[in-house]
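Enquirer: Sequence first, then the predicted structure:
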Amino acid sequence: MIQPPVAPHPTLDARLCSRANRWGTRRAIGRFFAVVSRLGDGMFWYASMAALAIFGGARGLQASVHMAATGLSALLLYRALKGWTKRPRPFRACPGVIAHVPPLDEFSFPSGHTLQAVAFTLVALAYFPVLAAVLMPFTVLVALSRVVLGLHYPSDVLAACVIGGALGSLSLYAVQGVSFWL
C-alpha cells in the first residue's frame, strides 16, 4: 500500500515565528512594528550618530565614527552570511506566515536589522551609558519586529544578537580608551 506523503512537522522555530507573525495581523501592532522596523533600517541609527557628533563633543564624534565603522563591518558580515546560508524567509517557507512589510533582501539568516541594532547599541553605550534607557528597548523592539513582521525566524534574531554582540564587543576591544561598562 502506498502511503500519502506526510507534511513535515514544523520546527519550534517555525511555530514560534507563526505565532509571533499572527500578532502583526492586528492593525495597531502591525503598524507599530512596521514603524519600528523602518526606523531600524537605518534612520534611527543615522540620526543617533548625527546627534552624538553634533551634541556630544569630541567623545560624541568618536562614538559616531566608531558606530559607523562597526556598522559597515556588520553590513559586510551579515550580507556574506546571508549569501552563504541562503535561508528562505519564513513568509516564503512557512504556511500561514505572511510578510507584513516588504523585505529588503531575499534571505533570512541572520537578521541584519538586529545585528546592526545590537552592535550599534553596544558601541553607543560604551561612550554614553545614559542612553541605555532609549537604546536597549529600541533594540529589543527591532528584534521583535523582524519576527512579528514575518521576515525572520526567532533563531535568525538570536544568532544576530550573538553576532552583533561579538562584533560590537570586538570593536570596543580594538579601540583604546573605550571600555565597555557592563
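Expert: Nice, I can see it.
Enquirer: So, low pLDDT: which residues of the chain?
Expert: Across the chain, the ranges flagged by pLDDT under 70 are 1-10, 176-182.
Enquirer: please redo it, this time with the cut-off set to 90
Expert: For the chain, the stretches with pLDDT under 90 are 1-30, 41-42, 83, 85, 87-106, 108, 173-182.
Enquirer: In it, which residue is most central in space?
Expert: In the chain, the residue lying closest to the centroid (C-alpha atoms, centre = their mean) is residue 114, at 1.1 Å.
Enquirer: and the longest helix along the chain, which residues are buried?
Expert: Of all segments of type helix in the chain, defined using DSSP state H, the longest is helix 57-85. For helix 57-85, burial by neighbour count (16 or more other C-beta atoms under 10 Å) applies to 60, 62-64, 66-68, 70-71, 74, 77-78, 81-82. In short, each C-beta sits where N, CA and C put it, glycine included.
Enquirer: do the same with stretch 153-164
Expert: For stretch 153-164, by 16+ other C-beta under 10 Å, it's 153, 154, 155, 156, 157, 158, 159, 160, 161, 163, 164.
Enquirer: Tabulate the residues you listed in CSV, adding columns for distance to residue 32.
Expert: As requested, these are exported to CSV (distance: C-beta to C-beta, whole Å):
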residue, distance to residue 32
153, 21
154, 19
155, 23
156, 20
157, 17
158, 22
159, 24
160, 21
161, 21
163, 26
164, 23
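Enquirer: Check which helices and strands the host helix or strand of residue 47 sits against.
Expert: According to DSSP states H and E, residue 47 maps onto helix 44-55. Under the contact definition 3 or more C-beta pairs under 8 Å, 6 or more residues apart in numbering; DSSP states H and E, helix 44-55 sits against helix 57-85, helix 112-127.
Enquirer: For the last one, C-alpha coordinates in CSV please.
Expert: These are the backbone C-alpha positions of helix 112-127, laid out as CSV (Å, rounded to 0.1, in the frame of the first residue of the first chain):
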residue,chain,number,x,y,z
GLY,A,112,20.7,42.4,9.6
HIS,A,113,18.4,44.8,11.4
THR,A,114,19.0,43.0,14.7
LEU,A,115,22.8,42.5,14.2
GLN,A,116,23.2,46.2,13.4
ALA,A,117,21.0,47.3,16.4
VAL,A,118,22.9,45.2,18.9
ALA,A,119,26.3,46.3,17.6
PHE,A,120,25.3,50.0,17.4
THR,A,121,23.8,49.8,20.9
LEU,A,122,26.9,48.2,22.5
VAL,A,123,29.2,50.8,20.9
ALA,A,124,27.0,53.8,21.8
LEU,A,125,26.5,52.7,25.4
ALA,A,126,30.3,52.3,25.9
TYR,A,127,30.5,56.0,25.2
